[in-house]
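Asks: need a 3D model of the following:
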Amino acid sequence: MPEAAAVPRHSLVVRVTHWITALCFVALLVSGIEIVISHPRFYWGETGNVKTPALFQLPIPASRSAVDTGYGYVLPDQNGWSRSLHFQTAWILVFAGLFYSVSGLRSGHFRKNLLADGGGYNALQRLTYLAVVFGLFPLMIWTGLAMSPGFTSAFPATVDLLGGQQSARTIHFIVTGMLVVFTVGHLAMVAMAGFGRLTRAMITGSES
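Replies: I've put the predicted structure just below:
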């Protein structure tokens, strides 16, 4: 009697969107760092510039001489390509996230693996993944769109609810930090549980 085919640990949709998200996150992080370097000061409200007090600022030199950060030199300005890469990659991530979310809801992936006691995840892991998928990533998208003058002119409530474009930028930066912490923790847990085995499962669907 032929053996039943092994059920993959992760579906094809989960695997493909996972790696698209991972690549996009790296590209967004690198380009985002370059964008922040052009003005490493953060404000709250609708407006903010070098003439207004900052809510907080990063202890790094800027890439623009007009931004006084207390350093006697400026970093090379990479604001052109970084903004282009950031915006284009963000849309790829949005579509991948929407596809993953719709597929996960239709297939029962979230209910079986993240809401119920399944998928090999403990309660803290399930809660963390749900917070990232349905909390942090949507907030990243929302705050990103709230910084777009074209989008906010059509949908002003998206930025008004956040308190202004500078508030959106500040929240965007804070959420990025939270996602970096999550990523570091995620990689650490994967390493402790068996990096090769779990990476293989995310590539082929099988741990063997």
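
Asks: hey, where'd the helices end up in this structure?
Replies: Read by DSSP state H, the chain holds these helices, from start to end of the chain: 12-38, 79-107, 109, 123-131, 137-146, 149-154, 157-160, 165-204.

Asks: Leu124 and Gly185: what is the separation?
Replies: 10 Å (Cβ to Cβ, to the nearest Å). No exception for glycine: its C-beta is placed from N, CA and C like everyone else's.

Asks: who's more crowded, these two?
Replies: Residue environment comparison for Leu124 versus Gly185 gives the larger neighbour count to Gly185, 12 against 8, counting by other Cβ atoms under 10 Å.

Asks: check the offset of the helix or strand bottoming out on mean pLDDT in the chain from the chain's centre.
Replies: Using mean pLDDT, DSSP states H and E, helix 109 stands out as the lowest-scoring helix or strand of the chain, at a mean of 82. Its chain's C-alpha centre lies 21 Å from the corresponding centre of helix 109 when counted by Cα atoms, centre = their mean, to the nearest Å.

Asks: if I read this right, Arg169 contacts Gly144, doesn't it?
Replies: No - checked against Cβ atoms under 8 Å, the pair Arg169 and Gly144 is beyond contact range at 9.5 Å.

Asks: any weak-confidence spans in this protein?
Replies: Within the chain, the ranges that satisfy pLDDT under 70 run 1-8, 117-120, 207-208.

Asks: who does Arg41 form a beta bridge with?
Replies: Gln57 (DSSP bridges).

Asks: spit out the contact partners of it.
Replies: Residues near Arg41 by Cβ atoms under 8 Å, 6 or more residues apart in numbering: Gly48, Val50, Ala54, Phe56, Gln57, Leu58, Val67, Thr69.

Asks: ranking by neighbours, what's the top pick from those residues?
Replies: Gly48 (21 neighbours).
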